[in-house]
Every structure is written in structure tokens, then in C-alpha cells.
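**Student:** Predicted model, plus sequence, below.
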Amino acid sequence: MTKKNNNISSFESDLRKLQDILEDIESDKLSLEQSIEKYKEGVELSKKCQKALDDAQEILADKHDLEIQDLLDNEKQLGIKTGIRNQLEDTHKREIRRFRTDELEFGLSIFATMFQEQLRTNPDEGSLHAVNIIKKANGVMKRNANEKLLLTSLLISLSELN
């Protein structure tokens, strides 16, 4: 198994652990002290997952910087501006957007899975409505929505279900 596959496997494992922690906390079977410990563990795992995502985005940014530098070096050697820089920067913006969209889709799918699991164990209208809200948010996000506004709206909509 390559280092990249190990990192992906570790990331997915950490996300599963986060989901388990959330389920433990929501189960009301833990004492306050145990819930606080689980919360702290979840915060640390969350930071670790965010760092993994940031590292992946940094690799993409480094690749972009190298491509721009290669282009500038070629232009300097040729003594002309090729006009490709704007195209390359647009491609980079699309790649970053795709990365962020994939990141958000993955997060939303995990979020929806939590509610789907709840539907399997304890069917209720609120969980069904939550899954539909998340699916709708996922569709809106694909249409290049403002991420912060979308996530804020999603959290407000979900909080109103209780």
C-alpha cells in the first residue's frame, strides 16, 4: 500500500471514529465527564482531519505554483508572453473549486449517513427531513454556491428540526 493510500485510509478511519464519538455523545449513555472526554477526543480528531485536508490542498497549491513558475521561465527564455497564464490560472481556480466541492460533498455525505442510520434504528420525520435538506444543499453546492452561506443555511435549517 502506498503512502497516499495509507493517508486516505487513515483519514477515512479518523472520520469513522468521529462519527462513532458523535453517536456516543448523542446516545445519552455517557456521564458528563465521559462526554467531555469524548468531545475533546473528537476535537483532536477533527483537527487531524482538517490538517489532512489542508495538506492535500497545499500539495495542489504547490503544483499550481510550479506550473506558473515553469510558464514564466518559458516566457522569459522565449522573450515573449504567451498569454497562457490566464488560462492556466483559470484552470487552477477550477481545480481548487473541484477539490473544495469534493471535500464538501464528502462531508455532507457523512452528515447524511448519520441521519440515515438514525432512520434505520428509529424512523422519524425529522431525520427524513434532515436527509432531504442535506441532499438539497449538496445539489445547490454543485451549482457554485457561496460555501459559507450554504453551510450556515444548512446548519440553521437542521437546527430548526429539533
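**Tutor:** Sure, I can see it. Residues are numbered from 1 along each chain as shown.
**Student:** hey, let's count contacts and neighbours off CA atoms from now on
**Tutor:** Noted.
**Student:** so how far is the helix or strand of the chain with the lowest mean pLDDT off the chain centroid?
**Tutor:** Least confident helix or strand, the chain: helix 3-26 with a mean of 73, by mean pLDDT, DSSP states H and E. A distance of 13 Å separates the centroid of the chain from that of helix 3-26, by C-alpha atoms, centre = their mean, to the nearest Å.
**Student:** quick one, what contacts the residue nearest in space to the middle of the chain?
**Tutor:** Centroid-nearest residue in the chain, with C-alpha atoms, centre = their mean: residue 103, separated by 3.2 Å. Counting by C-alpha atoms under 8 Å, 6 or more residues apart in numbering, residue 103 makes contact with residue 53.
**Student:** Check which helix or strand residue 80 maps to.
**Tutor:** Using DSSP states H and E, residue 80 sits in no helix or strand.
**Student:** measure residue 149 to residue 20 for me?
**Tutor:** Residue 149 sits 28 Å away from residue 20, going by C-alpha to C-alpha, to the nearest Å.
**Student:** Comparing the two, which residue is more hemmed in?
**Tutor:** residue 20 (15 against 9; other C-alpha atoms under 10 Å).
**Student:** mind listing what's buried in stretch 32-41?
**Tutor:** By neighbour count on 16 or more other C-alpha atoms under 10 Å, the buried set for stretch 32-41 is 35, 38, 39.
**Student:** moving C-terminal of the least confident helix or strand of the chain, what's the next helix or strand?
**Tutor:** Next element after helix 3-26 (DSSP H and E): helix 32-78.
**Student:** Can you tell me which of the buried residues of stretch 32-41 is nearest residue 131?
**Tutor:** residue 39 (24.1 Å; C-alpha to C-alpha).
**Student:** give me every residue that touches that closest one.
**Tutor:** 21, 25.
**Student:** returning to what we had before: where does the residue nearest to the centre of the chain fall, secondary structure wise?
**Tutor:** helix 84-121.
**Student:** so that helix versus helix 32-78, what angle?
**Tutor:** 160 degrees (axes from the mean of the first three to the mean of the last three C-alpha atoms, to 10 degrees).
**Student:** Now do helix 84-121 and helix 3-26, the angle between them.
**Tutor:** In terms of direction (the same axes, to 10 degrees), helix 84-121 departs from helix 3-26 by 40 degrees.
**Student:** ok, and for helix 84-121, which residues are buried?
**Tutor:** Neighbour-count burial for helix 84-121 [16+ other C-alpha under 10 Å]: 92, 96, 99, 101, 104, 105, 108, 112, 114, 115, 116, 119.
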